[in-house]
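Asker: What follows is a predicted protein model with its sequence.
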Amino acid sequence: MKVVAAALLCLITGIIVGYLVGSRFGVVPSAEYERIRTEYTSLKAAYDKLSSDYSNVLAELNVLKKPLKVGFIYVGPILDYGWTRAHDDARRYLEQIFPWIETIPVERVLEADCPRVIDRLITEEKCDVVFTTSFGFMDATYEAGEKYPDKIFFHCSGYRRRANVGTYFAEFYQLYYLNGLIAGALTKTNKIGYVAAYPIPEVVRHINAFALGVKEVNPDARVDVRWLFAWYDPSKAREAAEALIAWGADVLAFTEDSPTVVEVCEEYTTKRGKPVYSFAHYSPMLRFGENSCVSGQLVRWEVIYADILSKIRSGYYTSKNLENVDYWWMLREGAVELGADYGVPINPKFIPILKGKYMDHPEFGRISIYDLVMKRLEQMSEDTVIFDPFTGPIYDNKGSLKVKPGRRMTHDELWTIDWFVDNIIAEVPR
Amino acid sequence: MKVKMIHGLKIERREEPGLPARILLKVLAVILSFLFSAILFAISGIDPWYAYTLIFVRSFTYSGLAEITTKLIPILLCTVGLIVAFKAGIWNIGAEGQLLLGAVGATWIALFVDVYDPLRLPLALLVGMIFGASWALIPIILKVRLNVNEIVSTLMMNYVASGIVDYLVYGPWKGAREWGFPYTDKFPDTVWLPLIPGTRIHWPTLIFGVFSSIMVYMLFSKTVLGFEMKVCGQGRKIADYLGMPYGSRLMIAMVISGGLVGLAGVGEVCGVHRRLRYASSISSGYGYTAIIGAWLSGLNPLGSIPSAFLLAFLLTGRDIIQVSLGLPFATSNIFNGCILLSMLVVEALGRYRVRWGRWTI
C-alpha cells in the first residue's frame, strides 16, 4: 500500500510540478517562435525582392549585350586619304575601344541616293544611330529624322537639327592660322600659294585663318589661291600646285583629299633643287614629304564620335533631346591636332630653322617663330581659349574694316564668311 | 560572208536572229555574268547563293522597287532620247550636258521668273525641254553646216554645261538661305513634281518616259519622218541622192533627243533634289549610263524600258552589296561591269559566228 501511495504522490507531485514548470516556460518558446517567424517573413520578402531585382538586372544586361548598331554614310571612297578616310579610321578605332558597337560603313554615296541608303540602314540592317558625313546629306538626314522619330541621326558639317538629329564638326581654322605663322617665316619670295577645293565658307575661313597667320609674322607676304571645284582630284591639284610654284610661291597650303600637293612640293624640294614647303591636310602626310612637309592639320574624329556614342549608350542623348546638340570642336577639346603626323607637331628637320628665326612680336616681344607657334598653340588649347585668330582689326582685301579692333568674330559670322582678308590677292568666285 | 580572218580565226555574220532568240541570248548573258560574279563573291568570303538571294529579296521589296523606279525615270528618258539620235546616225555623247541644261531651265522658271503659279510646273517642264533641245542643236548645226564631228563636240559641251551649272550655283544663283553653300534656294512647292505617296517616284515624268518610248517606236516604225531620219543617218550622199532634206532631218532628230534628255533633267531637279546643286550631284552620270542603255536595248525604243530597269536595278543594288554584304564599292562596280560586259559580248555573238579550225561558237 505504502508503495502505491508513494507512487501516487510522486505522480501527483510530478503532474503539479510539470504543470507549474510547463506553464512557466511554455509561453516563452511561442514568443520566440513568433519572433523567428516575423524575421523569416521579412527575410523572405527581402529575398524575393532581391531575386526579382536580380532578374531585372539580368534582363537589363541582356539589353546591354545587344550591340548598338551604327551606320556611317560617306561621300567619297574610303581610301581617299582625306575626309572619308579620316572618318573611317575613327570608325575602326571605335569598334576596337567599344565592344558594344557594331558599325556599317557605306562609301561613295551620291547625294540623291542618301535617303535610300538611310532607309536600308534603318529598316534592313536595324541601325540605331546613323552618321552622315557630307554637307550634301543635310536635307536627307533631316527628313530621315522626321521619318524615323525614334532613331538617332548625326549630320557632319550642317546646321539643321531636330529632336533626334544632332550636328558635329571638327574645325581646323586655329591650325591653319598656326601653319600660316610657319609659312610666313619660311617664305623667301613672299609669295604663298593655297590650293583650295570649293569656294564655300569652310574653305574661305581656312584660307583666311592661314593668311592671318602669314600676316602676323610677315606682313609683306601675299597669298594667292587656285580653286579646284573638287574635293578629290589629284590631277587638278597637281596642276594648281605647279601653277602656283611657277608664279613664285615657295610655300603651299591646301584643301584637297589627297597627298598630291605634298608630293609635288617634295618633288620640287628634292629633285628639282627648288625648295617648296607644304602642310599635311587631314591625314598624316609626313611620309610623302619628309623634306618639305613642315606641319599640318590633323583630325581626331574619334574624340567626337566616342563622346556622342558613349552619351547615347548611357542614355544621356536620346531621340528626344538633340535639338541643341552641336559639336564645334577644336584644339581645346582635342578634336584636331597640329602636325605633319600624329605626335609630330613640327617636322624635326624644320625645328632648328624655326628656332633660329626671330621676330619682334607686339604681344610677346622678341620671340623665335618656333616659340611663337607653341605659345599660340598653348593659348588656343586652354580651357578659356585666350586667343582667337579672328580677332579685329581685320580688313578685307577691298580695304573695308570687317571686324572692329578687339572684337572676335562669332560662330555665325565664321560659318557664312565669304570675303578674303587683306593679304590675299585672289577673289572669292561669285 | 567572211568578215575577218586572224590566225585561222574567222568571224562571220549570222543570219539576223529572231526576237525570242535575242531575248534568250540576253538571259544567257545574265546567267553567265552571275556565274562569274559568284566566283568574285566566293573570293571575298561570302556565300554566292546567300549574296544573290539577299540582292534579289532586298531589291524587289516594295520600297526597293520604288527606289529602282525612281532611278529608272532619268535613265529611261535619256535612253529613249539617245536612241532617236543613234537611229539617225548621230553619235550624241552629250546627254549629260543636255540633262544639266534641262535642269538649269527648270530652275530658272522655278526661282527667277514671275509667272502665274499653277502654270509654273508645266512651264518648267517645257522650258527644260527647250533648253536641252537647244543645247543639242548647237553640235548638230555645226555638223550639218561645217562638218564638225559631233562625237567630240557633244562630249566637250558636257564639260561646258557642267561649268555653267557650277558657275550658277557658286555665283548668281547661290541660295540666300544656304549659308554660302553651292545650292540654290529650295524650289517653291508649286514646281515640285507630285510623288507617289511613301516613295520618291515622280510619276508624271515616269508616265512621260513610258509614253515617249512608245511614241518613238511609232515614229520609226510607222512614219515617213522616222524613215527619212534613218536613211539620212546613213550619210549625206544617200540623203542627197534620194532628195531628202539631210540637215533638217538630223536637226529634228537631235531636237527630239535633246528635249527628252532635258526633261530627265527637269525630273531630277523638280522631283528629287528640289533645288539646283553643283553639276556632279545633279546627274550622277545618267547621260553616260544611257549610252549603255541604248545599246543594251539594241536601239529598240520599247526595249529601252527593260534595259533602263536593269541599269536602275544595278545602280540601286550597289548599296545592298555595301550595306548588307559589307563589301566595298569597288566590288559592286565589278559586279555591275560583269553584267553589262557579258550582255554586250553576247549581243555581238548573237550577230556573228566565230570559227577557229574545227571549233565554232
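Answerer: Yes, it's here.

Asker: what secondary structure does B:Lys174 sit in?
Answerer: coil (DSSP: H, G, I helix; E, B strand; the rest coil).

Asker: what does B:Lys10 give?
Answerer: Under three-state DSSP, the three-state class of B:Lys10 is strand.

Asker: hey, what's it bridged with?
Answerer: Applying DSSP bridges to B:Lys10 yields these beta-bridge partners: B:Met5, B:Arg355.

Asker: just checking, it touches B:Val354?
Answerer: Yes. Counting by CB atoms under 8 Å, B:Lys10 touches B:Val354, with 7.2 Å between them. For every residue, glycine as well, the C-beta is placed using N, CA and C.

Asker: now the stretch 201-350 of chain B, which segments are flagged as low pLDDT?
Answerer: Across the stretch 201-350 of chain B, nothing is flagged by pLDDT under 70.

Asker: Show me which residues of chain B are close to chain A?
Answerer: Counting by CB under 8 Å from any CB of the partner chain, chain B comes close to chain A at B:58, B:63, B:67, B:166, B:170-172, B:174, B:179-182, B:200, B:268, B:272-273, B:277-278, B:281, B:284, B:316, B:319-320, B:322-324, B:326, B:328-329.

Asker: In the longest helix belonging to chain B, which residues are buried?
Answerer: Determined from DSSP state H, the single longest helix within chain B is helix B:117-146. Within helix B:117-146, the residues that qualify as buried are B:120-121, B:123-140, B:143-144, counting by 16 or more other CB atoms under 10 Å in any protein chain shown.

Asker: ok, the residue positioned nearest the centre of chain B - contacts?
Answerer: In chain B, the C-alpha nearest the mean C-alpha coordinate belongs to B:Ala290, at 2.1 Å (CA atoms, centre = their mean). By CB atoms under 8 Å, 6 or more residues apart in numbering or on different chains, the residues touching B:Ala290 are B:75, B:78-79, B:81-82, B:95, B:261, B:308.

Asker: same thing but 10 Å
Answerer: With contact taken as CB atoms under 10 Å, 6 or more residues apart in numbering or on different chains, B:Ala290 is in contact with B:74-83, B:92, B:95-96, B:99, B:261, B:264, B:304, B:307-308, B:311.

Asker: which phi and psi does it have?
Answerer: Backbone geometry at B:Ala290, expressed as degrees, to the nearest 10, gives phi -70, psi -30.

Asker: Then A:Pro284?
Answerer: Backbone phi and psi, for A:Pro284 under degrees, to the nearest 10, turn out to be phi -60, psi 130.

Asker: Please determine how far it is located from chain B.
Answerer: As defined by CB to the nearest CB, to the nearest Å, A:Pro284 lies at a distance of 22 Å from chain B.

Asker: Surely that residue is in contact with A:Pro259?
Answerer: Yes. Counting by CB atoms under 10 Å, A:Pro259 is a contact partner of A:Pro284 at 9.4 Å.

Asker: Between the two, which is the more surrounded one?
Answerer: A:Pro259 (26 against 19; other CB atoms under 10 Å in any protein chain shown).

Asker: Could you pull up the contacting residues of the more buried one?
Answerer: Counting by CB under 10 Å, 6+ apart, A:Pro259 makes contact with A:81-82, A:234, A:237, A:266, A:278, A:280-289, A:293.

Asker: now do B:Ser153
Answerer: Contacts of B:Ser153 by CB under 10 Å, 6+ apart are B:93-94, B:138-140, B:142-143, B:146.

Asker: buried set for stretch A:365-385?
Answerer: A:367, A:369-370, A:372-374, A:376-377, A:379-380.

Asker: ok, now which ones touch A:Phe279?
Answerer: For A:Phe279, the contact set (CB under 10 Å, 6+ apart) comprises A:175-176, A:178-180, A:182-183, A:210, A:251-254, A:261-262, A:265, A:285, A:289, A:292-297, A:338-340, A:347.

Asker: If anything else comes up later, I'll come back, but that's it for now.
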